[in-house]
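Student: any chance you could fold what I've pasted below:
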Amino acid sequence: MHAVALAAAVLLAPGIPGALTGAALFVHAILRRPRPPPPLVRLADGRWSVPDAGVSGAVLGAGTRFTRGWVRLELAARGRAPATLLLMHDQLDPEEWRALQAALRRGQSAGFDEGPSDFS
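Tutor: Sure, this is the predicted structure:
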């Protein structure tokens, strides 16, 4: 997103204003990096946990959506309001991202033979 804003600033405001805007965007991109995602664990029974958020044994809710670039998990645990977790592809290692995408494609009821999987 910062790259798009930087390109727009340089193209739409040539000269000193564009350079200053570009420098400000560059500094902002360096200083305001997104926080790392909280640990996300897929359990063998197909349930999900986010220990940092106090969510354990949750199932994927109806609001869960995913694309190649992002994942929006709605995690519903008994007795709690659904928790929403938004992850972008560049927040995870490529292998973790592929594993998360594969788990979501298999659906919320599929389990793992090898036990819990950690997507943090």
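
Student: centre of the chain to the longest helix anywhere in the chain, how far?
Tutor: What stands out as the longest helix in the chain, according to DSSP state H, is helix 16-31. Taking the mean C-alpha point of helix 16-31 and that of its whole chain, the gap between them comes to 26 Å (C-alpha atoms, centre = their mean, to the nearest Å).

Student: center of the chain, which residue is that?
Tutor: Leu87 (0.6 Å; C-alpha atoms, centre = their mean).

Student: for that one, which residues are in contact?
Tutor: Applying C-beta atoms under 8 Å, 6 or more residues apart in numbering, we find Leu87 in contact with 37, 40, 70-73, 100. C-beta coordinates here come from the backbone N, C-alpha and C atoms, glycine included.

Student: can you do 7 Å?
Tutor: Going by C-beta atoms under 7 Å, 6 or more residues apart in numbering, Leu87 touches 37, 70-71.

Student: secondary structure element for it?
Tutor: strand 83-88 (DSSP states H and E).

Student: report the buried residues of the next helix or strand after that strand.
Tutor: Using DSSP H and E, the helix or strand that follows strand 83-88 in sequence is helix 94-106. Neighbour counts using 16 or more other C-beta atoms under 10 Å place 96-97, 99-101, 103-104 of helix 94-106 among the buried residues.

Student: paired strands for the helix or strand just after the longest helix of the chain, with orientation please.
Tutor: Scanning forward in sequence from helix 16-31 by DSSP H and E, the next helix or strand is strand 41-42. With DSSP bridges as the test, strand 41-42 is paired with strand 48-50 (antiparallel), strand 117-118 (antiparallel).

Student: any weak-confidence spans in the protein?
Tutor: Scanning the chain for pLDDT under 70 picks out 1-3, 5-7, 9-10, 108-120.

Student: could you chop it up by domain?
Tutor: 2-31, 41-118 (automatic domain parsing).

Student: list the buried residues of the longest helix of the chain.
Tutor: Neighbour-count burial for helix 16-31, counted by 16+ other C-beta under 10 Å, picks out 18, 21-22, 25.
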